[in-house]
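>>> Give me a 3D structure for the following:
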Amino acid sequence: MTSKNGQGLAFALAACLLVVGVVCYAAFPQKAPEEPVRLMFKSTAGKILFDHMTHTAAEGYGIGCDDCHHEEQEGSMSCSGEDCHGPDTEPKRGDALHSNCKGCHEDSGAGPVECGACHVM
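Modelled structure (predicted):
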């Protein structure tokens, strides 16, 4: 076998493996979790990465959904969007998050309460 034949065989094998990898990846996609794992809140003071799973899991803080999400809207527990806590509504999203998140951290003694501990990104 010459080096040209060996190189062609290597490219053919690489192409076959690439096709097999793409087909397997597309055929067996991961299921999306029912609840979000992490959420990224954007604000003028800096982005906040919120670990939803740690707060709601029984082995984490075990906080119930309705402790933060006060209203169910059309089958969704999320009310942190523009309709419920937007720039033209009261309370605004930042005010609602500050009172819920920071207030819970202060009451429980767990979690950050300083601005720079949450607004980091």
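>>> how's this protein carved up into domains?
1-30, 38-118 (automatic domain parsing).
>>> what's around the closest residue to residue 96 other than its chain neighbours, how many residues?
In this structure, residue 96 finds its nearest non-sequential neighbour in residue 85, 4.9 Å apart by Cβ to Cβ, 6 or more residues apart in numbering. In this view, the C-beta of every residue, glycine as well, is placed from N, C-alpha and C. Neighbour count for residue 85, taken as other Cβ atoms under 10 Å: 17.
>>> Give me the distance between residue 85 and residue 41.
According to Cβ to Cβ, to the nearest Å, residue 85 and residue 41 sit 11 Å apart.
>>> shared neighbours of these two, anything?
residue 93 (Cβ atoms under 8 Å, 6 or more residues apart in numbering).
>>> before we move on, what SS does residue 21 have?
helix (DSSP: H, G, I helix; E, B strand; the rest coil).
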